[in-house]
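Participant: Mind looking at a prediction? Sequence and model below.
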Amino acid sequence: MDMSALVAQYGLFAVFAGTLLEGETVLALAGYAAHRGYLDFAAVVAVAWVGGVAGDQFYFWLGRRHGRRLLARRPALAARIARATGLIERHPHAAILAMRFLWGLRTALPVAAGMSRVAGARFVLLNLVSAALWAPFVAGLGWMFGAAVTRALGTLEHIEIALVGLALVVTLVFAWRRVR
């Protein structure tokens, strides 16, 4: 099985798994793969939306149920959670809507929201809207990158597929190591 067949067969699963964790790199690569015709752009956006919402709902729940214990076990997170908590306290709606675009606080913000007084139903609604803005934006960046590469270099199919596959593997390994 060649790399294009692997991307076509397992690409949407990789998008879902990647967006559960953080997912910008995986999603941009999927947008690129959609430009190349290996994945359907609308399916990439839909799967990323579901994965992003599910991942941030999990982080919200983690903050709500285990936030203090989590900080005690992982003091390295304390600074990011404190910064995210400040944003949530000052501008709760804007912070939740923008959380996917604030790299470095992407995971900390839903945890901080869970630890705060933000109502669960309000977080769900804002999370749904945030993911609906984020998924097509990041996938669209990947699509536009693909269009620019094609325009500049023509079709370098074998090299492109290998690079996309390598980037997906590296991203998933880093995400897996981060979760562990």
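Facilitator: Here it is on my side, so go on.

Participant: moving C-terminal of the helix or strand where L109 lies, what's the next helix or strand?
Facilitator: Counting by DSSP states H and E, the element that carries L109 is helix 108-115. The helix or strand immediately downstream of helix 108-115 is helix 120-153, counting by DSSP H and E.

Participant: Tell me the gap between that next one and the middle of its chain.
Facilitator: The chain centre lies 9 Å from the centre of helix 120-153; the measure is CA atoms, centre = their mean, to the nearest Å.

Participant: list the contacts for L39?
Facilitator: L39 is in contact with 7-8, 11-12, 15, 30, 33, counting by CB atoms under 8 Å, 6 or more residues apart in numbering. Backbone N, C-alpha and C define where each C-beta goes, glycine included.

Participant: would you turn those into CSV with secondary structure, neighbour count and distance to P110?
Facilitator: Shown next, in CSV, are those (DSSP: H, G, I helix; E, B strand; the rest coil; neighbours: other CB atoms under 10 Å; distance: CB to CB, whole Å):
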residue, secondary structure, neighbour count, distance to P110
V7, helix, 22, 29
A8, helix, 16, 32
G11, helix, 25, 25
L12, helix, 20, 23
V15, helix, 31, 19
A30, helix, 33, 22
A33, helix, 30, 27
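
Participant: farthest-separated two in these?
Facilitator: Using CB to CB, the contacts of L39 span at most 12.4 Å, a distance reached by A8 and V15.

Participant: burial measure for the nearest residue to Y59 once chain neighbours are set aside, as a count.
Facilitator: Counting by CB to CB, 6 or more residues apart in numbering, P110 is the residue found nearest to Y59 once chain neighbours are left out, at 3.7 Å. As a burial measure, P110 scores 29 neighbours (other CB atoms under 10 Å).
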